[in-house]
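J.: Sequence unavailable; structure follows:
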């Protein structure tokens, strides 16, 4: 738990941080968020995350009520106040307290910070197992709080011994609930879905790296192609690049290209933080 | 606003009724609810609503933590305490305070009551205009808090001069965000979608009435059929039966059969309350 939680211009001990039951997030699942890492006290790729947060808000007709610059100042002060060296910060903007339980209210802006353990070398080497599931996220280009299906599938995942879900829309690959997906074909091309997904910030940087060193295709990608992949990995702000060792019953071997991209991504994002 | 709000065995003035920002409803849009009318101090069709509430909870792996009987007692005490003669009560069960923002916590049980104005004769005579939209609710048989698309479409609705949305899945009619839909064909049959919808309690009673007096079909129903309907109406616990005077650009006339069903439904539910 974070020590202090920011809600609507107030810093509160986390035990006291709450919002009205009339909020549209509680009543109607309506809200957006973003999440970024803090490494050694510095927010990682903050401008990218804030740009997406403002775009999500606009798409959902929600007013943040603060300039990007003002929000950055609040975030920097928040980081100093909590003094957690390595963490993740989640900023949430809800539909607000609704007078009738349906119309938008004045959004609540919530910021919470939690200590964060990066992926270990052992976890990277092991990789993760994916279970595929036919499902299309609604408003996929927006980072909404809608994870109804992801949470609902947790029990099924556990039963299958899988670590995460990969959504596909009638056989067309989309994304994991909290990550984008990439495959490397037998002839060494990098392929990732182009449509109906949340285009992650790590995804963007992986593509930036990959375009300099290999053939890249952003396009529709079928599950059948995935079952013939040479390598598969997922990307997210928390996991960066994480290899996939199994997708349904299809097992994958050595991850030479994934490892190479992972190292290049680290170099790029170190650069980005240092800028 | 209700005078008192019930949250996890406590009665709170509504201004103080709040839940932790860590709750999965706020973090991930995960929760269920039900809603029933209170007429002259008596809950309407309470057993039906509570049965559905328990089924929704079970479907979403959420524990209510109280027997149906215990919950009924709490509801009756709550009604007496608030002393609002005609109202609507919403009971919500959230995903609970999550330790990691993803796993289920101990659900929060929230109960809130608001004064309610029944549909007037004038509103019934006028009817409503529907705008159709291609969208399939996720987990459609469960009364979840997911109204992301419905809220998102409010601005579009307003621009179109429509009162509500009718969802269809690639041309196959489903439901309105908070109501079921029925059509009466030119040859006097009652038709309503059978699949991928939340089967409302008013829907059930309308069917019960209709089966005694007309030909009824529960089946797949296309938008094209709707555009040739004789009459169309929607059903919900708040609106009961509400005629539709327009769907997209198709206008509908006199609602003789709808009126007849509406009167029969009132007689049936009066009976149900009295039982």
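T.: Yep, that arrived. As the structure is a computational prediction, the values presented were derived from the model and not from experiment.

J.: can we go C-alpha only for contacts and neighbour counts from here?
T.: Will do.

J.: same for the one helix or strand residue A:125 maps to, what does it pack against?
T.: Element membership for residue A:125 (DSSP states H and E) is helix A:121-126. Under the contact criterion of 3 or more C-alpha pairs under 8 Å, 6 or more residues apart in numbering or on different chains; DSSP states H and E, helix A:121-126 touches strand A:240-247.

J.: strands paired with the strand it packs on, and their directions?
T.: Strand A:240-247 sits in its sheet next to strand A:128-134 (parallel), strand A:231-236 (antiparallel), strand A:250-251 (antiparallel), going by DSSP bridges.

J.: doesn't residue A:167 make contact with residue A:135?
T.: Yes: at 5.5 Å, residue A:135 counts as touching residue A:167 under the criterion of C-alpha atoms under 8 Å.

J.: Compare those two and say which one has the larger neighbour count.
T.: For residue A:135 versus residue A:167, neighbours defined as other C-alpha atoms under 10 Å in any protein chain shown are more numerous around residue A:167 (25 against 19).

J.: Now do the contacts for the closest residue to the more buried one other than its chain neighbours.
T.: Distances taken as C-alpha to C-alpha, 6 or more residues apart in numbering or on different chains place residue A:133 nearest to residue A:167, at 5.0 Å, with adjacent residues excluded. By C-alpha atoms under 8 Å, 6 or more residues apart in numbering or on different chains, the contact list for residue A:133 reads A:165, A:166, A:167, A:168.

J.: before we move on, the earlier item: now the strands paired with strand A:240-247 in TSV, with distance to residue A:206?
T.: Converted to TSV, the strands paired with strand A:240-247 look like this (distance: least, C-alpha to C-alpha, whole Å):
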stretch	distance to residue A:206
strand A:128-134	19
strand A:231-236	8
strand A:250-251	23
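
J.: Out of these, which one sits most buried?
T.: Greatest average neighbour count among those goes to strand A:231-236 (a mean of 24), per mean count of other C-alpha atoms under 10 Å in any protein chain shown.

J.: low-scoring stretches of the stretch 1-150 of chain A, by residue?
T.: By pLDDT under 70, the low-scoring segments of the stretch 1-150 of chain A are A:1-2.

J.: What residues does it have near chain B?
T.: Within reach of chain B by C-alpha under 8 Å from any C-alpha of the partner chain, the stretch 1-150 of chain A has these residues: A:1, A:15-21, A:25-31, A:60-61, A:92, A:94, A:99, A:102-104, A:110, A:138, A:145-149.

J.: One more pass at 7 Å, please.
T.: A:17-21, A:25-30, A:60, A:102, A:145-148 (C-alpha under 7 Å from any C-alpha of the partner chain).

J.: Nearest residue to the residue positioned nearest the centre of chain A in space, ignoring adjacent ones along the chain?
T.: Centroid-nearest residue in chain A: residue A:178, 4.5 Å away (criterion: C-alpha atoms, centre = their mean). Leaving aside its sequence neighbours, residue A:178 sits nearest to residue A:236 (C-alpha to C-alpha, 6+ apart; 6.9 Å).

J.: any idea how far residue A:180 is from the one you found?
T.: Going from residue A:236 to residue A:180 by C-alpha to C-alpha, to the nearest Å gives 7 Å.

J.: So for the helix or strand encompassing residue A:260, mean pLDDT?
T.: Element membership for residue A:260 (DSSP H and E) is helix A:256-274. Here helix A:256-274 scores 87 as its mean pLDDT.

J.: and for that helix, what are the contacting residues?
T.: By C-alpha atoms under 7 Å, 6 or more residues apart in numbering or on different chains, the residues outside helix A:256-274 that reach it are A:44, A:45, A:205, A:206, A:209, A:241, A:243.

J.: Next, the angle from that helix to strand A:240-247.
T.: 160 degrees (axes from the mean of the first three to the mean of the last three C-alpha atoms, to 10 degrees).

J.: chain center to helix A:256-274: distance?
T.: 18 Å (C-alpha atoms, centre = their mean, to the nearest Å).

J.: Sitting in strands, which of the residues of the stretch 1-150 of chain A next to chain B do you find?
T.: Among those, DSSP state E puts A:18, A:19, A:20 in strands.

J.: and the helix holding residue A:260, which residues are buried?
T.: By neighbour count on 16 or more other C-alpha atoms under 10 Å in any protein chain shown, the buried set for helix A:256-274 is A:257, A:258, A:259, A:261, A:262, A:264, A:265, A:268, A:269.

J.: Export these to TSV and append columns for distance to residue A:79.
T.: Formatted as TSV, the buried residues of helix A:256-274 follow (distance: C-alpha to C-alpha, whole Å):
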residue	distance to residue A:79
A:257	36
A:258	33
A:259	32
A:261	30
A:262	27
A:264	28
A:265	25
A:268	24
A:269	20
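
J.: Now the two most distant members of these.
T.: Spatially, the most separated pair among these is A:257 and A:269, at 18.2 Å (C-alpha to C-alpha).

J.: can you pull out the strands in the stretch 1-150 of chain A?
T.: If DSSP state E, counting those that start in this stretch is used as the criterion, the strands of the stretch 1-150 of chain A fall at A:4-7, A:10-13, A:18-20, A:31-39, A:42-43, A:87-94, A:109-115, A:128-134.

J.: re the thing from before, reformat the contacts of helix A:256-274 as JSON lines; add neighbour count.
T.: What follows is those, written out as JSON lines (neighbours: other C-alpha atoms under 10 Å in any protein chain shown):
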{"residue": "A:44", "neighbour count": "20"}
{"residue": "A:45", "neighbour count": "20"}
{"residue": "A:205", "neighbour count": "18"}
{"residue": "A:206", "neighbour count": "22"}
{"residue": "A:209", "neighbour count": "16"}
{"residue": "A:241", "neighbour count": "28"}
{"residue": "A:243", "neighbour count": "27"}
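
J.: nearest to residue A:75, of the residues you listed?
T.: Using C-alpha to C-alpha, residue A:44 is the member of those that sits closest to residue A:75, with 11.9 Å.

J.: Does that closest one touch residue A:50 like I think?
T.: No: in this structure, residue A:44 is not within contact of residue A:50 by C-alpha atoms under 7 Å, at 11.0 Å.

J.: Please tell me how far residue A:58 sits from chain B.
T.: For residue A:58, the distance to chain B (C-alpha to the nearest C-alpha, to the nearest Å) stands at 11 Å.

J.: How many neighbouring residues does that residue have?
T.: With other C-alpha under 10 Å as criterion, residue A:58 counts 13.

J.: same thing with residue A:249?
T.: Residue A:249: 10 neighbours (other C-alpha under 10 Å).

J.: Now do it, the pLDDT please.
T.: For residue A:249, the model assigns a pLDDT of 96.

J.: name the element residue A:207 belongs to?
T.: Using DSSP H and E, residue A:207 sits in helix A:201-210.

J.: contacting residues around that helix?
T.: A:48, A:180, A:216, A:235, A:236, A:237, A:240, A:264, A:265.

J.: likewise stretch A:5-16?
T.: Contacts with stretch A:5-16, where a contact means C-alpha under 7 Å, 6+ apart, come from A:2, A:3, A:4, A:17, A:108, A:109, A:110, A:111, A:112.

J.: Can you point out the buried residues in that stretch?
T.: Residues A:5, A:6, A:7, A:11, A:14 are the ones in stretch A:5-16 that count as buried (16+ other C-alpha under 10 Å).

J.: Which pair of those spans the longest distance?
T.: The span of these, defined through C-alpha to C-alpha, is set by A:7 and A:14 at 10.2 Å.

J.: what sits up against stretch A:68-82?
T.: Defining contact as C-alpha under 7 Å, 6+ apart, one finds that stretch A:68-82 is touched by A:3, A:4, A:41.

J.: Please tabulate those in TSV and include distance to residue B:154 as additional columns.
T.: Shown next, in TSV, are those (distance: C-alpha to C-alpha, whole Å):
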residue	distance to residue B:154
A:3	38
A:4	35
A:41	41
